[in-house]
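# Pasting the sequence and the predicted coordinates here, then a few questions.
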Amino acid sequence: MSRTLRAFGFAILGLALLVGAGATQEKDKKTDKKVEKKKDTLPQFFGKLELTAEQVKQIGDVQAEYKAKLADPQKAIAELNKKVGELNKQQTADIFKVLTPSQKTKYDEEVVNSKKKKEPEKKKTPDKK
């Protein structure tokens, strides 16, 4: 039973780390898509400035220039976020190596108890209509 709980605890912890890292990477992907969408569009409120065709072209050129400049740093950020996620996962595994079997069992029990406490809280909150 304690092995099952311990495995369950590790699985939850690993999942939490992966979800955190995945969420960060998804934000980067969404940012990339937004940059691509804005390729031929003006920044917010610029559409109301009665820009000439030449100004619109110049703004588009500036946007294209910075898109190219930002590509490498954005890729580096995504790679660093992935590495941070991997390091967090390894750190957690190394921390668990320090614990005794009874401490690991108690940890697993605490995780389960914590989830049980959170379930009623979700039910208590009134539905927003």
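Done, it's in. Numbers count the residues shown, from 1 in each chain.

# Which SSE is immediately downstream of the longest helix belonging to the chain?
Assignment by DSSP state H gives helix 53-98 as the longest helix of the chain. Following helix 53-98 in sequence order, the next helix or strand is helix 101-124 (DSSP states H and E).

# any idea of the angle that following helix forms with helix 53-98?
130 degrees (axes from the mean of the first three to the mean of the last three Cα atoms, to 10 degrees).

# helices or strands next to helix 101-124 in the packing?
helix 2-37 (3 or more Cβ pairs under 8 Å, 6 or more residues apart in numbering; DSSP states H and E). To be clear about C-beta, it is placed using only N, CA and C from the backbone, and glycine gets the same treatment.

# and Phe46, how many neighbours does it have?
By the measure other Cβ atoms under 10 Å, the count of residues near Phe46 is 13.

# Numbering from 49 from now on, please.
Sounds good: first residue 49 from here, last item Phe94.

# What residue, apart from its backbone neighbours, is nearest it spatially?
Ile107 (7.0 Å; Cβ to Cβ, 6 or more residues apart in numbering).

# Identify the residues contacting the one you found.
Neighbour list for Ile107: Leu90, Pro91, Phe94, Leu99 [criterion: Cβ atoms under 8 Å, 6 or more residues apart in numbering].

# Now do the third one against Lys115, distance only.
Taken as Cβ to Cβ, to the nearest Å, the spacing of Phe94 relative to Lys115 amounts to 17 Å.

# try the last one
The spacing between Leu99 and Lys115, counted by Cβ to Cβ, is 19 Å.

# Can you check the pLDDT for Phe144?
Phe144 carries a pLDDT value of 94.

# Verify the stated contact: it with Gln151.
No - contact between Phe144 and Gln151 fails when scored by Cβ atoms under 8 Å: they sit 9.1 Å apart.
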